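1. Structure of the sequence below:
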Amino acid sequence: MTTFLLVVLFTLSVIVAVGLLGLWLGTTLFDRLIAVALVTINAVVILVVMGFLFDRPVLFLDIALGVALLAFILPIALGKYVERSTEHEELPR
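-> The predicted model follows:
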């Protein structure tokens, strides 16, 4: 069981690395937002798998819920920020 969990952790770590690369190379704000969402969702899954790997699922699930809550709030806050910043710009005629 532990070898399976280690393989899953390695695979998820590769996916997070690809997401961080997308965050670094993203051309638009929305590309970067999608990359942040990819990284945070995979971080939640990594925390859950680590909880089962270390036989402490309750502790890691609590931390994963906190990270998931932040991952949910981030796109909403960023969307409101972008919406407010575009309201002040004049539209081309």
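2. going forward, measure contacts between C-alpha atoms and count neighbours the same way
-> Fine.
3. Could you give me the buried positions within stretch 58-73?
-> The neighbour-count check on stretch 58-73 (16 or more other Cα atoms under 10 Å) flags F60, L61, I63, A64, V67, A68, A71 as buried.
4. Out of those, which comes closest to L78?
-> For the buried residues of stretch 58-73, the closest approach to L78 (Cα to Cα) belongs to A71, at 11.3 Å.
5. my guess is the closest one contacts V39, does it?
-> No. In this structure A71 lies outside contact range of V39 using Cα atoms under 8 Å: 9.3 Å.
6. With adjacent residues omitted, what lies nearest to F60?
-> Closest residue in space to F60, ignoring its immediate chain neighbours: G51 at 4.9 Å, by Cα to Cα, 6 or more residues apart in numbering.
7. What are the buried residues along whichever strand or helix holds the one you found?
-> If you go by DSSP states H and E, G51 is part of helix 29-53. Neighbour counts using 16+ other Cα under 10 Å place 32-53 of helix 29-53 among the buried residues.
8. In this protein, what residue spans correspond to helices?
-> With DSSP state H as the definition, the chain shows helices at residue ranges 2-25, 29-53, 57-87.
9. Looking at the longest one now, give me its mean pLDDT.
-> For helix 57-87, the mean pLDDT works out to 85.
10. elements contacting it?
-> helix 29-53 (3 or more Cα pairs under 8 Å, 6 or more residues apart in numbering; DSSP states H and E).
11. next one: phi and psi at F54?
-> Phi and psi for F54, reported as degrees, to the nearest 10, are phi -90, psi 10.
12. That one and V14, how far apart?
-> Counting by Cα to Cα, to the nearest Å, the gap from F54 to V14 is 21 Å.
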